[in-house]
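Visitor: Here you go, sequence then predicted model.
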Amino acid sequence: MTLLNIFEMTYDELTHVFRERYGKGHYHSSAVYRNVFKKGNACLSDLPEFQQSPHLAVGIAKKLHFPEATITNVVTEDGVIKFLTSYGDGLETESVIIPMKQYHTLCVSTQVGCRQGCLFCKTGKMGFKRNLTAGEIISQVYLARFILQKNIRNIVFMGMGEPLDNFKAVIQSINVLSDQKGFDIAHRHITVSTVGLYDGIRKLGEQGLKNLNLAISLNAPNDDIRSHLMPVNAIHSMSRIKEALLGYPLKRNGFFLIAYVLIKGVNDSKAHAFMLADYLNDIPVRLNIVPYNEIRENRFDRPSDADVHRFSSYLEQKNVFVRKRWRKGERLHAGCGQLGNGFDPDDSLLQA
């Protein structure tokens, strides 16, 4: 009898297995699911639902499987936490916890490495190692909630890897995250970020997840600059991305999140701002201006705060809704484009 990888199962899927294998239904499956995902406890013997059937509890416990995922390092600064997760094969990913007003956002990884090769991104410099399973993605949330004891209420698929390049596992992890019997993180509190894979965006739109947030890492005002920064643009050009977005089934009054990593002297001129505004003109968007975060592997220059304000002002003249994303976790190498598995934050930081 195969193991039950509960991190990869929705409540309904677990209930179906309980009926098929054990002749049990909601009463017992609900107790197990709730115990694992709401309490972080895999012990079944002390659950009242199993008091009359201890042998059943032992049998189910033997079949429950949890991905091999262990936190091996943690660093923190100003409330931002970056942690390193090691998996059964020795490969590692980084995840970031960001404090909000009343809860925490968790930035999860979907791959070890990334095949997209964006020049400004440390993960892209690693190359692609492998996809994470849905259970390994969920394990990052589990570890953040129950080991690091943070109130995770918002999930962004913006860590290592390209989420739409690992489509099946990402969709299943979203199903598990949003299950009301478990983590109960609503779709409106989940964001999937992509470099703009045309087919992936189309497939995502077919899933019926209208409250899910979709973010596009655009980072350029035209194809020439984007192709230089992001090799994926040779196949998934800006016109194809726009076509996919215009056909995407947004919820009423919905919008896309557009990320624009601002790099001094590369994509930050007034002309660039006006080209970008023209491109976004007929798409409902919220544009996030993200100052470039330095990594050791390249020689791009970061913009000053004045540069960010100036570029944003040009966009605002064109009635683009702009959000300026100021640096968080920079010294932890936890900012946008800084995640790898070398785990090399500044030496001055204290290990948590």
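Guide: Alright, I've got the coordinates. All values reported here derive from a predicted model rather than from experimental measurement.

Visitor: Helices of the stretch 101-250 of the chain, residue ranges please.
Guide: Using DSSP state H, counting those that start in this stretch, the helices of the stretch 101-250 of the chain run over 122-126, 134-142, 167-177, 198-205, 223-229, 238-246.

Visitor: Put the alpha carbons of the fourth one into PDB.
Guide: Read that as helix 198-205. These are the backbone C-alpha positions of helix 198-205, laid out as PDB (Å, rounded to 0.1, in the frame of the first residue of the first chain):
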ATOM      1  CA  TYR A 198       2.700  32.500 -22.900                       C
ATOM      2  CA  ASP A 199       1.300  28.900 -22.700                       C
ATOM      3  CA  GLY A 200       1.600  28.900 -18.900                       C
ATOM      4  CA  ILE A 201      -0.400  32.100 -18.600                       C
ATOM      5  CA  ARG A 202      -3.100  30.700 -20.900                       C
ATOM      6  CA  LYS A 203      -3.200  27.400 -18.900                       C
ATOM      7  CA  LEU A 204      -3.400  29.300 -15.600                       C
ATOM      8  CA  GLY A 205      -6.400  31.300 -16.900                       C
END
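
Visitor: Does anything pack onto that helix? Which helices or strands?
Guide: The helices and strands touching helix 198-205, judged by 3 or more Cβ pairs under 8 Å, 6 or more residues apart in numbering; DSSP states H and E, are helix 167-177, strand 190-194, helix 238-246. Where you see a C-beta, it was placed from the backbone N, CA and C, and this is true even at glycine.

Visitor: Switch these over to CSV; also include distance to residue 135, mean pLDDT and mean neighbour count.
Guide: Formatted as CSV, the helices and strands packed on helix 198-205 follow (distance: least, Cβ to Cβ, whole Å; pLDDT from 0 to 100; neighbours: other Cβ atoms under 10 Å):
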stretch, distance to residue 135, mean pLDDT, mean neighbour count
helix 167-177, 8, 98, 21
strand 190-194, 17, 98, 22
helix 238-246, 29, 98, 17
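
Visitor: hmm, back to that, do you know which of the helices of the stretch 101-250 of the chain lies nearest residue 191?
Guide: Closest to residue 191 of these is helix 167-177 (Cβ to Cβ; 10.5 Å).

Visitor: what separates that closest one from the chain centre, distance-wise?
Guide: Computed by Cα atoms, centre = their mean, to the nearest Å, the chain-centroid distance of helix 167-177 equals 11 Å.

Visitor: Show residues contacting that helix.
Guide: Residues outside helix 167-177 that contact it (Cβ atoms under 8 Å, 6 or more residues apart in numbering) are 7-10, 110, 131-134, 137-138, 141, 155, 157, 163-164, 182-183, 185, 187, 190, 192, 200, 203-204, 207, 209, 212.

Visitor: cool, and stretch 87-98?
Guide: Contacts of stretch 87-98 (Cβ under 8 Å, 6+ apart): 67-69, 72, 79-86, 104-109, 111-112, 129-130, 132, 136, 140, 143-144, 148, 150, 152, 159-160, 328-329, 332, 334, 339-341, 343.

Visitor: Give the buried residues for it.
Guide: Buried positions in stretch 87-98, judged by neighbour count with 16 or more other Cβ atoms under 10 Å: 87, 92-98.

Visitor: And the protein, what are its domain boundaries?
Guide: By the assignment in automatic domain parsing, the chain contains the domains 4-65, 69-324.

Visitor: Return the most buried member of the ones you listed.
Guide: Highest mean neighbour count among the domains of the chain (mean count of other Cβ atoms under 10 Å): domain 69-324, with a mean of 19.

Visitor: how about the strands of the chain, start to end?
Guide: Along the chain, counting by DSSP state E, strands occupy 4-5, 64-65, 69-77, 80-87, 92-99, 104-107, 111-113, 128-131, 152-157, 190-194, 213-217, 256-262, 285-291, 322-324.

Visitor: about what we covered before: dump the helices and strands packed on helix 198-205 into CSV; add distance to residue 122 as well.
Guide: CSV is the format used below for those (distance: least, Cβ to Cβ, whole Å):
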stretch, distance to residue 122
helix 167-177, 21
strand 190-194, 16
helix 238-246, 23
